[in-house]
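*Asks:* give me coordinates for this.
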Amino acid sequence: MAQYSEQLDGVLVALADPTRRAVVRRLGHGPTSVGDLAGGFPMTLPSFMKHVRTLESNGLIRTVKSGRVRTCVLNRERLSLVDDWLAEQRRIWEERTDRLERFVTDPKEDHQ
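*Replies:* Below is the predicted model:
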């Protein structure tokens, strides 16, 4: 469970930055070269590469070098960490709101 928590923390930290979220969104359409990705952002290539390395180190993307071109590919499976966590949070809050609704609407309950 601790490893899952650390992995989830890393993914959430990586996705906390708007530039990295935009990269993930763009890679959702398919693999793209680093140069093409970087061209859409107002920063130097070395600065952009820090974002790529953060995404890669947290398993959200992988890069493949062919000749002089480095291509980024989205790891969709890694996003399942966030999806699973959100589903669990949704389940918890739905149970809580269901209990609250029963508390408010059930006149037979002794609410003391």
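
*Asks:* which helix runs longest in the protein?
*Replies:* When the chain is parsed with DSSP state H, its longest helix is helix 80-105.

*Asks:* got the buried residues for it?
*Replies:* Using 16 or more other C-beta atoms under 10 Å as the test for burial, helix 80-105 gives L81. (C-beta placed from N, C-alpha, C; glycine too.)

*Asks:* distance from that helix to the middle of the chain?
*Replies:* 20 Å (C-alpha atoms, centre = their mean, to the nearest Å).

*Asks:* low-scoring stretches of the protein, by residue?
*Replies:* The chain contains residues with pLDDT under 70 at 1, 109-112.

*Asks:* can you give me the strands for it?
*Replies:* 32-33, 61-66, 69-74 (DSSP state E).

*Asks:* minimum distance to F103: which of these has it?
*Replies:* Comparing the strands of the chain against F103 with C-beta to C-beta, the closest turns out to be strand 69-74 (43.8 Å).

*Asks:* how about V34: what's its closest non-neighbour residue?
*Replies:* Nearest residue to V34, sequence neighbours excluded (C-beta to C-beta, 6 or more residues apart in numbering): R70, at 4.6 Å.
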